[in-house]
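**Q** Can you look at this prediction? I've put the sequence above it.
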Amino acid sequence: MALDLARIRALCFDLDGTLSDTDDQFVQALARALQPLYFLPKGDPRPLARRLVMFTEAPGNFLLGVPDRLRFDSQLARLGDFLYRAGLGRHPHPFLLVPGAQAALEQARQRFPLSVVSARGERSARRFLEQFDLAGHFHAVATAQTCEHTKPYPDPILWAAHQMGVEPQACLMIGDTTVDIRAGQAAGAQTVGVLCGFGTQAELQRAGADLILPSTADLPAALGLADPTA
């Protein structure tokens, strides 16, 4: 697997599992729920919580694609935003950032225009970007409500490419699931799978990712970008 670096003119980033450390956030939430079961003073539910999250990732990846296959993903996103406006989720636990992701974005933006291509609802995506002051890094933010269809359809990548002023074939889609890889391929873009989220190496390989990296933090090196702090 290899990238054609000469083709790349713009980068598209998924959020959950790619920039947002959703795995660790789920682990922390589950550990809090399990805490009452640990009666000993030194009882730590985090190891069990992490094992449970890892165990559920494979079926979880399948379920992530169900709403889109049934074409009600955008309705779910609108429901999420409605619940947010109703007061639910206004004060959730803070998001977590994938370690090294912010530095990777800082390096990448020196060379390429960047966009977010996410299946999150608009409000949740914006809140994540605002928490880490990342909104200014991106030329465009595509959420579940931006286009008629979201990933794995190519629509949001095609939209983001237009916003960045490049052809879709010149984009690189970076994500952690097969949904991201399939969307990139459908748009004619190259794809990078990252293992810091929900996807496994085997399934990302089967989906045809052009490159698989341990984490989003490894992207600058894969693109041959120099570290400005070095």
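**A** Thanks, I have it.

**Q** Low-confidence ranges, the protein, go.
**A** Under the criterion of pLDDT under 70, the regions of the chain flagged as low confidence span 1, 23-93, 226-230.

**Q** all helices for it, in order.
**A** Chain-ordered helices for the chain, with DSSP state H as the definition, fall at 22-34, 46-69, 73-85, 101-109, 122-131, 155-164, 178-187, 201-207, 219-222.

**Q** Who are the contact partners of residue 164?
**A** Residue 164 makes contact with 10, 113, 115, 139, 140, 171, according to CB atoms under 8 Å, 6 or more residues apart in numbering. To be clear about C-beta, it is placed using only N, CA and C from the backbone, and glycine gets the same treatment.

**Q** One more pass at 7 Å, please.
**A** By CB atoms under 7 Å, 6 or more residues apart in numbering, the contact set of residue 164 is 10, 113, 115, 139, 140.

**Q** And residue 116, by the same measure?
**A** Residues counted as contacts of residue 116 (CB under 7 Å, 6+ apart) are 13, 15, 125, 138, 141, 142.

**Q** Chain neighbours aside, what residue packs nearest to the third one?
**A** Spatial nearest neighbour of residue 125, chain neighbours left out: residue 143 (4.8 Å); criterion: CB to CB, 6 or more residues apart in numbering.

**Q** With the fifth one instead?
**A** Counting by CB to CB, 6+ apart, residue 141 lies nearest to residue 116, which is 4.4 Å off, once chain neighbours are set aside.

**Q** returning to what we had before: if you rank the contacts of residue 116 by neighbours, which is first?
**A** When those are compared by neighbour count (other CB atoms under 10 Å), residue 13 ends up highest, at 29 neighbours.

**Q** what bridges to the closest residue to residue 212 other than its chain neighbours?
**A** In space, residue 212 comes closest to residue 193 once its chain neighbours are excluded; the distance is 4.5 Å by CB to CB, 6+ apart. With DSSP bridges as the criterion, the beta-bridge partners of residue 193 are residue 175, residue 212.

**Q** and residue 193, what does it touch?
**A** Contacts of residue 193 were listed using CB under 7 Å, 6+ apart, and they are 175, 176, 181, 199, 204, 209, 212.

**Q** Relative to residue 6, how far out is the fifth one?
**A** Counting by CB to CB, to the nearest Å, the gap between residue 204 and residue 6 amounts to 23 Å.

**Q** Between these two, which has more neighbouring residues?
**A** Residue environment comparison for residue 204 versus residue 6 gives the larger neighbour count to residue 204, 25 against 7, counting by other CB under 10 Å.

**Q** what's residue 20 in contact with, if anything?
**A** With the criterion set at CB under 7 Å, 6+ apart, residue 20 makes contact with 95, 96, 97, 98, 128.

**Q** Then residue 224?
**A** Taking CB under 7 Å, 6+ apart as the contact definition, residue 224 lies against residue 5.

**Q** Then residue 112?
**A** Here residue 112 is in contact with 9, 10, 11 (criterion: CB under 7 Å, 6+ apart).

**Q** Scan those and report the most crowded one.
**A** The most neighbours of any of the contacts of residue 112, using other CB under 10 Å, belong to residue 11, which has 26 neighbours.

**Q** wait, isn't residue 217 in contact with residue 106?
**A** No. Taking CB atoms under 7 Å as the contact criterion, residue 217 and residue 106 are not neighbours in contact, 11.4 Å apart.
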